[in-house]
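Chemist: Compute the structure for the input listed below.
(2 chains)
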2 protein chains.
Amino acid sequence: MTEVHVHEDVLKANDTFAEDNRRDFEAAKVSVVNLMSSPGAGKTSLLERVLPTLDVRAGVLEGDVQSSIDADRISSVGVPVSLVNTETTFAGECHLDARMVRSGLGDLSLENLDLLVIENVGNLVCPAEFTVGEHRRAMVFSVTEGEEKPLKYPLMFRSCEVVFINKADLLPHLDFDMDLFRDNLHDVHPDIEYHLMSARTGEGSEAFASWLTATPAR
Amino acid sequence: MTEVHVHEDVLKANDTFAEDNRRDFEAAKVSVVNLMSSPGAGKTSLLERVLPTLDVRAGVLEGDVQSSIDADRISSVGVPVSLVNTETTFAGECHLDARMVRSGLGDLSLENLDLLVIENVGNLVCPAEFTVGEHRRAMVFSVTEGEEKPLKYPLMFRSCEVVFINKADLLPHLDFDMDLFRDNLHDVHPDIEYHLMSARTGEGSEAFASWLTATPAR
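Modeler: Reported below is the predicted structural model:
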């Protein structure tokens, strides 16, 4: 079997688990978002800031290769969290797949949540390939990463409905060309929504909060 | 077969290609380094700045999921480059493996090089798992990524002999705690070498140049 066929089989097996997850999410009436980014783009910082302010019952499924650092941060702001370490159980995988997400759902009471945020492993490649049963996908992108990233990682930018452009507070200290970034973004995903954010100053928090709590189309 | 066994077989097959690459590198007397980082940490910017100043004949094998952006940048400073896009030939892989590197060697005349830099796909997970026949490994880490990264991606930080800590020019505008980062780094790799750098200002370029041109232990 060719490499491509093996890859297709892996994705097909994943879809079955994703359908099971989706069924459970709908039965529990929980809205599920898959949040992806490069390492260090600020997913956890944005969630720490915004989740405690929401008027819905939110929980987080935290995906990391190793360590409970992000899960501890989320837990310390009073949000229920389930940690999936891909290192210990899943051969150090660089992404969450639907089966890993399923393995982490037992630690959360879905029926007590309105919103579940799946914080994926920091990586711009494989997380975009694996649906996990989510209703919606978002990316956090840091302005420190450079304007050309949509062209280098098009699948990731295409698979998300919104990009939260984080670390806006650093713009005065960077050569980042926002117009060029927007052009590149629209080249790969013409009607994508985006918001300028700063987890540090709170800029854009309302946009993130209102996206998180919007009712997904079912 | 379990997932872990499949993974072991993949790595074993990779080792065979890596040995072939290594034999070719030694026959051509070329020193080969594998340069890894998160997306946007600054590998290409550092290479653009430093490679043209070296007094050795350097070439680059550029690994990217898609696009020739980085390869074009390297080429425009007069350095021979071979581009390996993992999207077109290798099912969109999130890393370079030894076979992919082998497929890219044909575009370079190894016998005309003293130094080959393999610029890996931007990713802190899988690139660290796949040896490609290189003599030495280095990481570029950006201070915008946060102090805890060595604890979250220990294999990457352990597999490299040196970390070039880039974007030092942004330190006055960040809450980055350098002592904490160094503690975390030494927790996972006690005797690792590191240098503070800025691809933007040129700070640390000599350390990068002298590491690149050091003769590897054979």
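Chemist: Please count neighbours and contacts with C-alpha atoms only from this point.
Modeler: Will do.
Chemist: looking at this, A:Arg108 is in a helix?
Modeler: Rather than Arg, residue A:108 is Leu. No - with DSSP: H, G, I helix; E, B strand; the rest coil as the criterion, A:Leu108 is coil rather than part of a helix.
Chemist: Now for it: which residues touch it?
Modeler: Shown here is A:Leu108, whose contacts under the criterion C-alpha atoms under 8 Å, 6 or more residues apart in numbering or on different chains are A:Gly59, A:Pro80, A:Val81, A:Ser82.
Chemist: Export these as TSV, with columns for secondary structure and neighbour count.
Modeler: Converted to TSV, those look like this (DSSP: H, G, I helix; E, B strand; the rest coil; neighbours: other C-alpha atoms under 10 Å in any protein chain shown):
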residue	secondary structure	neighbour count
A:Gly59	strand	26
A:Pro80	coil	19
A:Val81	strand	25
A:Ser82	strand	22
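Chemist: Turn those into JSON lines, including distance to B:Pro150 and pLDDT.
Modeler: Converted to JSON lines, the contacts of A:Leu108 look like this (distance: C-alpha to C-alpha, whole Å; pLDDT from 0 to 100):
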{"residue": "A:Gly59", "distance to B:Pro150": "26", "pLDDT": "98"}
{"residue": "A:Pro80", "distance to B:Pro150": "26", "pLDDT": "98"}
{"residue": "A:Val81", "distance to B:Pro150": "22", "pLDDT": "98"}
{"residue": "A:Ser82", "distance to B:Pro150": "22", "pLDDT": "98"}
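Chemist: Would you point out which residue is most central in chain A?
Modeler: Nearest to the geometric centre of chain A sits A:Leu35, at 0.9 Å (C-alpha atoms, centre = their mean).
Chemist: wait, what's in contact with that residue?
Modeler: Taking C-alpha under 8 Å, 6+ apart as the definition of contact, the neighbours of A:Leu35 are A:Lys43, A:Val117, A:Ile118, A:Glu119, A:Asn120, A:Arg137, A:Ala138, A:Met139, A:Val140.
Chemist: hmm, 6 Å instead?
Modeler: A:Leu35 sits next to A:Ile118, A:Glu119, A:Asn120, A:Ala138, A:Met139 when contact means C-alpha atoms under 6 Å, 6 or more residues apart in numbering or on different chains.
Chemist: touching chain B at all, the lowest-mean-pLDDT helix or strand in chain A?
Modeler: Taking mean pLDDT, DSSP states H and E as the measure, helix A:86-89 is the helix or strand of chain A with the lowest mean score, a mean of 80. No - contact of helix A:86-89 with chain B (C-alpha under 6 Å from any C-alpha of the partner chain) is absent, the minimum separation being 9.2 Å.
Chemist: Can you list the helices and strands that that helix packs against?
Modeler: Helices and strands touching helix A:86-89, by 3 or more C-alpha pairs under 6 Å, 6 or more residues apart in numbering or on different chains; DSSP states H and E: there are none.
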